[in-house]
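coordinates only, sequence not included:
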């Protein structure tokens, strides 16, 4: 790729990192020449030496400004925070925003990927052509606030897995039970009124022990969440309490929406709210073809799921609100399919209304608050 250089080439260098579990592939460019080096993951001393070597090889000033980027992934934002701490300006790239070869079979190597990111960095800083989207990096505190509900979700799925496993083991012997928590395996008899085989009993007992541990951890996390709601520790906890004042919103939905969505992000307009939740439309208009592809689903899937769940609850507990009346007038007499389509539209409108409520104190039209028992 031929890049138009500027008179700042001696003062600026672009850099890209292709991150993997064992190695980092480093790419450098001054707008004319490129250099690619390989270091072990998190080998800070070797990394800093390669950065200095790249400056010498590309003949840039030792105090040159470095603009770096890498793709968001499993490594999270630790690399970003390290780079910023040593004076390297970094962007975390949304991987889905990078153009890919659309052929069915195409070359895919770390070296090709880092070269592609270098080209994007050159276009961004030498030609002012922003060819990728940047991920918003949360603070350490905001990122840590997401641990509680994410662990709770994982434990809830694990509990379901243990319960289903115990029921599946029993149904092979013609035994159906509603609850497995207090099940006495010794008393259980199969379809022929015979005791269960010894190895099967031992396996079910071990499953019950793991299930009991998971349920204990779930109770601990929920108690901690309830304590934080009663005694808020920071601004996001206070926002959770404000959302809980509205009918139809419970602790699970309010906590997750705030910690994932409203608590640390800033939105400029309603379009950004809908876009981040992946609830914006995707039209396909080319030539004679003109149709909607549905919502983008490009945002936070957890928030999107909760917003749709909340929309159904809003219809039930806030029937006199303006949003509920809008939905019932437009989709109330329609079939199931159109009602499911309409609930997605209501979910987006509801997220925007809650953003205005949190940010500007504007209560959704016709919404009622919970009555507090004396």
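Arrived safely, thanks for sending. From a predicted model like this one, the values you see are computed outputs, not experimental measurements.

any stretches of the stretch 251-374 of the chain with poor pLDDT?
Scanning the stretch 251-374 of the chain for pLDDT under 70 picks out 372-374.

show me where it has helices.
Counting by DSSP state H, counting those that start in this stretch, the segments of the stretch 251-374 of the chain that form helices are 251-257, 270-276, 301-317, 322-331, 336-360.

deepest-packed of those helices, please.
Counting by mean count of other Cβ atoms under 10 Å, helix 251-257 has the highest mean neighbour count of these, with a mean of 21. From N, CA and C alone the C-beta is placed, and that goes for glycine too.

what comes into contact with that helix?
Residues from elsewhere that reach helix 251-257 (Cβ atoms under 8 Å, 6 or more residues apart in numbering): 148-149, 225-226, 229, 240, 243-244, 302-303, 306-307, 309-310, 313, 354.

repeat for stretch 292-300
96, 260-261, 275-284, 304, 344.

please repeat the previous calculation with a cut-off of 6 Å.
With contact meaning Cβ atoms under 6 Å, 6 or more residues apart in numbering, stretch 292-300 is reached by 260, 276-284.

can you pull the domain assignment for the protein?
12-137, 143-231, 237-360 (automatic domain parsing).

sorry, back to before: out of the helices of the stretch 251-374 of the chain, nearest to residue 67?
Proximity to residue 67 (Cβ to Cβ) singles out helix 270-276 among those, at 24.9 Å.

by contact count, what packs against that closest one?
Identification of packing neighbours for helix 270-276 by 3 or more Cβ pairs under 6 Å, 6 or more residues apart in numbering; DSSP states H and E yields helix 336-360.

what packs against the helix it packs on?
Right, helix 336-360 is packed against helix 270-276, helix 301-317, helix 322-331 by 3+ Cβ pairs under 6 Å, 6+ apart.

now do it: everything it contacts.
By Cβ under 6 Å, 6+ apart, the surrounding residues in contact with helix 336-360 are 239, 262, 267, 270, 273-274, 277, 279, 307-308, 311, 314, 323, 327, 331, 362-364.

where's that helix relative to the chain centroid, distance-wise?
Between the centre of helix 336-360 and the centre of its chain there are 19 Å (Cα atoms, centre = their mean, to the nearest Å).

how many degrees apart are it and helix 322-331 in direction?
Here helix 336-360 runs at an angle of 160 degrees relative to helix 322-331 (axes from the mean of the first three to the mean of the last three Cα atoms, to 10 degrees).

okay, angle between helix 336-360 and helix 301-317 too, please.
Orientation note: helix 336-360 sits at an angle of 100 degrees relative to helix 301-317 (the same axes, to 10 degrees).

where does the helix or strand encompassing residue 114 sit relative to the chain's centre, distance-wise?
Using DSSP states H and E, residue 114 sits in helix 110-126. How far helix 110-126 lies from its chain's middle: 25 Å, per Cα atoms, centre = their mean.

buried ones in the following helix or strand past it?
Helices and strands here follow DSSP H and E; after helix 110-126, the next one along the chain is helix 140-145. Using 16 or more other Cβ atoms under 10 Å as the test for burial, helix 140-145 gives 143, 145.

who's in contact with helix 140-145?
With Cβ under 6 Å, 6+ apart, helix 140-145 has contacts from 259, 264.

try stretch 104-117
Residues from elsewhere that reach stretch 104-117, judged by Cβ under 6 Å, 6+ apart: 16, 18, 25, 27, 69.

return the set of buried residues in that stretch.
113-117.

end-to-end on it?
From its first residue to its last, stretch 104-117 covers 21 Å (Cα to Cα, to the nearest Å).

residue 292 - how many residues pack around it?
10 (other Cβ atoms under 10 Å).

now do it against residue 52, distance only.
Shown here: residue 292 relative to residue 52, a distance of 53 Å by Cβ to Cβ, to the nearest Å.

repeat that for residue 297.
44 Å.

residue 67 should be in a strand, yeah?
Yes. According to DSSP: H, G, I helix; E, B strand; the rest coil, residue 67 belongs to a strand.

now do the buried residues in the helix ranked longest in the chain.
In the chain, assigned by DSSP state H, the helix with the most residues is helix 198-230. Residues 200, 203-204, 207-208, 211, 214, 218, 221, 225, 228-229 are the ones in helix 198-230 that count as buried (16+ other Cβ under 10 Å).

now do stretch 48-62
Going by neighbour count (16+ other Cβ under 10 Å), the buried part of stretch 48-62 is 50-51, 54-55, 58, 60.

again, but for stretch 70-79
Quick answer for stretch 70-79 (16+ other Cβ under 10 Å): 70-72, 75, 77, 79.

what's the average pLDDT for it?
Averaged across stretch 70-79, pLDDT comes to 94.

relative to residue 74, how far out is the closest residue in space to residue 248 that isn't next to it in sequence?
Distance criterion Cβ to Cβ, 6 or more residues apart in numbering; nearest residue to residue 248, sequence neighbours excluded, is residue 317 at 3.7 Å. Distance of residue 317 to residue 74, computed by Cβ to Cβ: 39 Å.
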